[in-house]
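# Sequence first, then the predicted structure:
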Number of protein chains: 2
Amino acid sequence: MTDLIKGNAVIGQSGGPTAVINQSLVGIVETLKSCRKIPKILGANHGVDGIVNNKFFDLKKLKKAELERLALSPAAALGSSRTKPTPEFCKKIFASLEANDVRYFFYIGGNDSADTCRIVNEMANESGYELRCFHVPKTIDNDLRVTDHTPGYGSAAKFVASAFAGEDRDNASLPGVKISVVMGRDAGWLTAASVLGKIDNTCGPHLVYVPEVAFDEKKFVEDVAKTYKKYGRCLVAVSEGIKNKKGTPMAVALCEKMGKEIERDSHGNAQLSGSGMLGDMLSELVKAKAPRKLGVKSLRVRADTYGYLQRSFAGYASEVDQYEARMCGKTAAELAMSGNLDGSVVMKRAKTKKYKVTFERAELAQVARVTKELPRSFVNKAGNGITKSYVNYALPLVGKLPTLGKLF
Amino acid sequence: MTDLIKGNAVIGQSGGPTAVINQSLVGIVETLKSCRKIPKILGANHGVDGIVNNKFFDLKKLKKAELERLALSPAAALGSSRTKPTPEFCKKIFASLEANDVRYFFYIGGNDSADTCRIVNEMANESGYELRCFHVPKTIDNDLRVTDHTPGYGSAAKFVASAFAGEDRDNASLPGVKISVVMGRDAGWLTAASVLGKIDNTCGPHLVYVPEVAFDEKKFVEDVAKTYKKYGRCLVAVSEGIKNKKGTPMAVALCEKMGKEIERDSHGNAQLSGSGMLGDMLSELVKAKAPRKLGVKSLRVRADTYGYLQRSFAGYASEVDQYEARMCGKTAAELAMSGNLDGSVVMKRAKTKKYKVTFERAELAQVARVTKELPRSFVNKAGNGITKSYVNYALPLVGKLPTLGKLF
């Protein structure tokens, strides 16, 4: 460890929480803890906002048992942040890091967070200030580049898979049309997980709609009617991020249709979660149009929007995901202590039959900003279902799913 | 077993499914299975509809492993029914039971199902046809009389408790106002479970609204603003069944306000679940009124409606609940074989320190129709929170909850 530079460490968490984001935090802390050249391990309260406002937790004093309890807790234990740093803001971040004698900066987050790391790292380089900057991936959306998958995805996928496995039995039990809306602004990864718990091919979700395929209202109603005719029921998984042909999110398009204003975050993204609007509107659409196609007077149509539970539900994380998130944090800390390195931790999947990943370093710029979509080969030809290739990809990440039985 | 009458058995499941309704089914089947005086054990496909249409599953042929898989599956494995039998329809039920040489009739359901049992039992008595009629309780709503609690409640309560435990960490992580709507048409039992996973008293849900206390829009906004001022965030648990002073469900009152028609089921009940409307409307209310009270420009307000997941989520049932549901089925079968008895199975809680229940028989008429509300002692004086007495009552039913940690 010849290159080990003396100085403090700062860890921050950013963006939408996951069930295992604190595993990564704990992975970093336990790796740095015994290092005498790192006197303080500071946890930034609410990400970059905490750094700029000098609000830190002393993480070195936490005992093993406390760390383990945090690791099992969903959502960002340090507090998260939605702030998208401008270059001006990044200067403030860098100034605070310098003032606090910080030489190790870890930011756990999605692609926006990787970008923040990249900018701060460039500033440090320009100033000739030695700073190890590491991005640790986290997102239930699984939409980061380079890495095979992201910590947080496996647990959210396990939740969604178990939810639909139960929904299918519920829908068989009391038949009707059930539409359930799944998180995922730009990519259909989480929505695809809806198929992982199917007992057999007659089980729902019978239809799956993801943002990668243009959503057509007419085709949707036809699909539902056709499925209902075949099975006497229909369970639909819809991504909150489905878009029409023009690329406008359906939630936005429908808000406009209704003359409603949609809320936007500081990144300019329209609010898709935290509202049941999209589900309710699709439900209205089916109620209005499908009965005539089926020659019935009315249909029992219900919609649910899974909402925050997908990222925050306590006590049901994927064990694989927990382990990998911990390892991503550990790897970032080890790399930062191993020499003059910066980067993002990525998982590479071995091409072996048995599932295995290695934890490696990628350049920050490779991960930042651009999102990774669901490959077209994971969506069926009709654009309303998920293929076996996806199931093979995803099953190892969610771990054990409940084994259900059925009479019909 | 001198009174053991020879004849077939019919089992039906009715109403909204639960995570453990099939445990009761399996409890009945495994108890009757070895009895040679009961040649056939028939499972009615979709409750009374299956009986009337002569659609049955042969349950005697199911192997132990198949039964156990069914027991772990949420929702009614036989198919459920929303049909509320008229006296005319009950005649048809009775005629089918007679035609199929049925002497043992088990109906797993809520208070409407107990009432169906009662009517069919009276018809049998009037005709001098020997028929053992047993109602086996089931409902996530926990609103049946006589029994200490209902099978299905513990698992739904565990789901809600874990959901809010995670929601609280999520809300601390990214502060704002979060409103989550919980199932429960007439009683606040399930909404009350939102408090069971709290780490300490600063944790949410900070406010809990149940149907037993008249909901006042103005008071609600004041409560939210006050909490937000104190904690910089606010997590709210709301029952879908909250009513205004006049006793009109808020969902209905708000539909009327918006000039929308609300869907009703065959029992005349307004559709409260399967729509995000109530949550979205409460969210709008807070967004519109709370900022001024707080002297801020705008507030981050989100709403989720937990929906069907509360009753159907796979793989996260309460072990206590699973055991008790199985025992309720077993007890009904044993009682039916023990003599000329009819009734409903109820659980009596021992007044010991250690949680213990016994399984007993109650008269059908005692359980039928009327619902059991949350006692006023389980709600705080202000009508916006849940007391320690409720926590003591409910914790043994949900079993082990995740132990979370926090830094703030």
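Happy to help now that I have it. Numbers count the residues shown, from 1 in each chain, chains lettered A, B, ... in the order given.

# How about the closest residue to chain B within chain A: what's its closest non-neighbour residue?
Relative to chain B, the nearest point of chain A is residue A:276 (1.4 Å; Cβ to the nearest Cβ). C-beta here means a position set from N, CA and C on the backbone, and glycine is covered the same way. Sequence neighbours aside, residue B:276 is the residue nearest to residue A:276 in space, at 1.4 Å (criterion: Cβ to Cβ, 6 or more residues apart in numbering or on different chains).

# show me the contacts for the residue nearest the centre of chain A.
Most central in chain A under Cα atoms, centre = their mean is residue A:140, positioned 1.5 Å from the mean C-alpha point. For residue A:140, the contacting residues are A:16, A:18, A:150, A:152-153, A:155-156, A:183, A:190, A:310-311, by Cβ atoms under 8 Å, 6 or more residues apart in numbering or on different chains.

# and those residues, which are buried?
With burial judged by 16 or more other Cβ atoms under 10 Å in any protein chain shown, the buried subset of these is A:16, A:18, A:150, A:152-153, A:155-156, A:183, A:190, A:310-311.

# Put together JSON lines for the residues you listed, with secondary structure, distance to residue A:78 and pLDDT on each row.
Shown next, in JSON lines, are the buried ones among the contacts of residue A:140 (DSSP: H, G, I helix; E, B strand; the rest coil; distance: Cβ to Cβ, whole Å; pLDDT from 0 to 100):
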{"residue": "A:16", "secondary structure": "coil", "distance to residue A:78": "14", "pLDDT": "91"}
{"residue": "A:18", "secondary structure": "coil", "distance to residue A:78": "13", "pLDDT": "97"}
{"residue": "A:150", "secondary structure": "coil", "distance to residue A:78": "19", "pLDDT": "97"}
{"residue": "A:152", "secondary structure": "coil", "distance to residue A:78": "15", "pLDDT": "98"}
{"residue": "A:153", "secondary structure": "helix", "distance to residue A:78": "21", "pLDDT": "98"}
{"residue": "A:155", "secondary structure": "helix", "distance to residue A:78": "19", "pLDDT": "98"}
{"residue": "A:156", "secondary structure": "helix", "distance to residue A:78": "20", "pLDDT": "98"}
{"residue": "A:183", "secondary structure": "coil", "distance to residue A:78": "22", "pLDDT": "95"}
{"residue": "A:190", "secondary structure": "helix", "distance to residue A:78": "24", "pLDDT": "98"}
{"residue": "A:310", "secondary structure": "helix", "distance to residue A:78": "21", "pLDDT": "97"}
{"residue": "A:311", "secondary structure": "helix", "distance to residue A:78": "16", "pLDDT": "97"}
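
# Which secondary structure elements does the helix or strand of chain A with the lowest mean pLDDT sit against?
Across the helices and strands of chain A, mean pLDDT, DSSP states H and E gives its lowest value to helix A:250-257, namely a mean of 83. On a contact count with 3 or more Cβ pairs under 8 Å, 6 or more residues apart in numbering or on different chains; DSSP states H and E, helix A:250-257 meets helix A:277-294.

# Quick check: buried residues in the helix or strand just after the helix it packs on?
Proceeding C-terminally, helix A:277-294 gives way to strand A:301-305 as the next helix or strand, assigned by DSSP states H and E. By 16+ other Cβ under 10 Å, the buried positions in strand A:301-305 come out as A:301-305.

# which of those residues are close to chain B?
The subset of these within reach of chain B, by Cβ under 8 Å from any Cβ of the partner chain, is A:301-305.

# end-to-end on stretch A:58-68?
End-to-end distance for stretch A:58-68, by Cα to Cα, to the nearest Å: 16 Å.

# just stretch A:23-41 next, same as before
16 Å.

# which residues make contact with that stretch from outside it?
A:4-9, A:11, A:13, A:43, A:58-60, A:62, A:67-68, A:70-71, A:77-78, A:100, A:103-104, A:106, A:108, A:136, A:138, A:151, A:322-323, A:325-334, A:337.

# Buried subset of those as a PyMOL selection?
To isolate the buried members of the contacts of stretch A:23-41 in PyMOL, using 16+ other Cβ under 10 Å:
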select buried, chain A and resi 4+7+8+9+11+13+43+59+60+62+67+68+70+71+77+78+100+103+104+106+108+136+138+151+322+323+325+326+327+328+329+330+331+332+333+334+337
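
# In helices, which of the contacts of stretch A:23-41 fall?
Residues of those located in helices (DSSP state H): A:67-68, A:70-71, A:322-323, A:325-334, A:337.

# returning to that earlier point: the inter-axis angle of the least confident helix or strand of chain A versus helix A:277-294?
Computed by axes from the mean of the first three to the mean of the last three Cα atoms, to 10 degrees, the angle separating helix A:250-257 from helix A:277-294 equals 80 degrees.

# Quick check: buried residues in helix A:250-257?
Across helix A:250-257, burial judged by 16+ other Cβ under 10 Å covers A:250-255.

# Can you tell me what sits against it?
By Cβ under 8 Å, 6+ apart, the surrounding residues in contact with helix A:250-257 are A:215, A:240, A:242-244, A:261-262, A:270, A:272, A:275, A:277-278, A:281.

# these two touch, right, residue A:397 and residue A:151?
No - Residue A:397 lies out of contact with residue A:151 (Cβ atoms under 8 Å); the separation is 9.9 Å.

# which residues are common contacts for these two?
The contact sets of residue A:397 and residue A:151 overlap at residue A:321 (Cβ under 8 Å, 6+ apart).

# quick one, what contacts the closest residue to residue A:282 other than its chain neighbours?
Counting by Cβ to Cβ, 6+ apart, residue A:282 lies nearest to residue A:179, which is 5.2 Å off, once chain neighbours are set aside. Residue A:179 makes contacts with A:236, A:238, A:279, A:282-283, A:286, A:301-304, as judged by Cβ under 8 Å, 6+ apart.

# which non-adjacent residue is nearest residue A:240?
Closest residue to residue A:240 apart from its sequence neighbours, by Cβ to Cβ, 6+ apart: residue A:272 at 4.3 Å.

# cool, residue A:235 as well?
residue A:204 (2.8 Å).

# Report how many residues lie close to that neighbour.
For residue A:204, the count of nearby residues is 26 (other Cβ atoms under 10 Å in any protein chain shown).

# Please apply the same query to residue A:98.
By the criterion of other Cβ under 10 Å, residue A:98 has 15 neighbours.

# you'd agree it is up against residue A:128?
No - counting by Cβ under 8 Å, residue A:98 sits too far from residue A:128 to count as a contact (11.4 Å).

# intersection of neighbour lists for these two?
By Cβ under 8 Å, 6+ apart, no residue touches both residue A:98 and residue A:128.

# on that earlier part again, so of the contacts of residue A:179, which two are at opposite extremes in space?
Taking Cβ to Cβ as the measure, these span a maximum distance of 13.9 Å, between A:286 and A:304.

# With that, I have no additional questions.
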